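S.K.: How does the following fold in three dimensions:
(one chain, ligands or ions: 1)
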Amino acid sequence: MGILTALIISPFNCRINIYTDSANCINIFNTRMQSGIVSPRQKLKQSNFLIWDLIFFLINEKHLEWLNSNDHDALCSIKVSKQQGNRIKKCNFIYLTIDIQQRNYPRLYSLGSIPCIECAYARDDNVHVGLCKEHSNQIINILTQAAHDLQELIITNTKDAGFDLDDTIRSSPLFNTTFDDILPQSHPGYLLIHHLVPSDLTLIFYNYIKDKKLRFSLFLKFFSTLMSSIDTLIWTRRASLIKQWESTLSITKNKKRFYRQRQKKRAPPPPAPD
Ligand SMILES: [Zn+2]
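M.R.: Numbering: from 1, shown residues only. So this is what the prediction gives:
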């Protein structure tokens, strides 16, 4: 149902990434994509077949491209679900920064705004990730490396990349690293940090790789390498700083795990009226 809603509200002719950890959804989707025509008898055996009919109708009508990316071979392993869950959280700005933890476990954290674990200049929330002054050097390194990798990738995989590839990459706003101190929020790199795909990036792929299949596979290769370096240098690093800080306040995993149960014990429900 969530997938259907996403498709209904999406514009025509666009590419949609749907990240789901539902093995059933992925299986039904793949079966129906591969087999093409499904007999009414087969359809009736599928649960929610009307919803699936509508999903495929929308994909055709709206000329949508479907992307189900997965870095691991074993589909739906715990690792994949966790990775996909984290991606969804990052691009929806609900990853576990301190403000979200504070909302989820109000009795474990102090009241009021808690400053960024790294710079202490702003509230520790999802919006601040990428805008933190402690991230700017890492971002410059990430973008410089990415520009280099992208150029290599296109040169090795296309016959004639054209003399202007170097210029295109250099002048792309995405690879502009001349900002001082802090990454501006309007910089396309900010989207990358949050696992979103900036159009400045897809534009380069569209302009230099004409073959659709090749473009798609190279894009996935490039994007997943880029996302893992962003995760290592930014997200994972700050998550471990938060963990260290939490341990000084004796906020443990167990306290979070049993938080709801403890709260229930503390506040017994009001007695039922006679
Ligand atoms: Zn900060």
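S.K.: helices and strands of this structure: which one bottoms out on pLDDT?
M.R.: None of the helices or strands of the chain scores lower by mean pLDDT, DSSP states H and E than strand 65-67, at a mean of 49.
S.K.: buried ones in the helix or strand that it is followed by?
M.R.: With elements assigned by DSSP states H and E, the helix or strand that comes after strand 65-67 is helix 78-91. Under the neighbour-count criterion of 16 or more other C-beta atoms under 10 Å, helix 78-91 has 80-81, 83-84, 86-91 buried. Using the backbone N, CA and C atoms, a C-beta is placed for each residue, glycine as well.
S.K.: Quick one: list the elements packing against helix 78-91.
M.R.: Packing partners of helix 78-91 (3 or more C-beta pairs under 8 Å, 6 or more residues apart in numbering; DSSP states H and E): none among the helices and strands.
S.K.: From the chain's centroid, how far away is that helix?
M.R.: On the basis of C-alpha atoms, centre = their mean, to the nearest Å, helix 78-91 sits 7 Å off its chain's mean C-alpha point.
S.K.: same question, stretch 241-249
M.R.: For stretch 241-249, the distance to the chain centre is 25 Å (C-alpha atoms, centre = their mean).
S.K.: Tell me which residues are up against that stretch.
M.R.: Outside stretch 241-249, the residues that touch it by C-beta atoms under 8 Å, 6 or more residues apart in numbering are 96-98, 101, 108-109, 117-118, 124, 252.
S.K.: Any part of it near the ion?
M.R.: No - with C-beta under 5 Å from the ion as the criterion, the ion is not reached by stretch 241-249; the gap is at least 10.4 Å.
S.K.: gap between Arg238 and Arg262?
M.R.: 28 Å (C-beta to C-beta, to the nearest Å).
S.K.: Comparing the two, which residue is more hemmed in?
M.R.: A direct count of neighbours by other C-beta atoms under 10 Å for Arg238 and Arg262 places Arg238 higher, at 22 against 11.
S.K.: Would you mind giving the domain segments of this structure?
M.R.: 2-68, 93-248 (automatic domain parsing).
S.K.: The ones you listed: lowest mean pLDDT?
M.R.: Mean pLDDT is lowest for domain 2-68 among the domains of the chain, at a mean of 69.
S.K.: how far is stretch 169-178 from where the chain is centred?
M.R.: For stretch 169-178 - counting by C-alpha atoms, centre = their mean - the centre lies 22 Å from the chain centre.
S.K.: What of stretch 188-204?
M.R.: 11 Å.
S.K.: Which residues does it contact?
M.R.: Here stretch 188-204 has contacts from 15, 17, 87, 90-91, 93, 126, 129-131, 135, 139, 142-143, 150, 154, 168-169, 172-174, 183-184, 219, 223, 226-227, 230, 234, using C-beta under 8 Å, 6+ apart.
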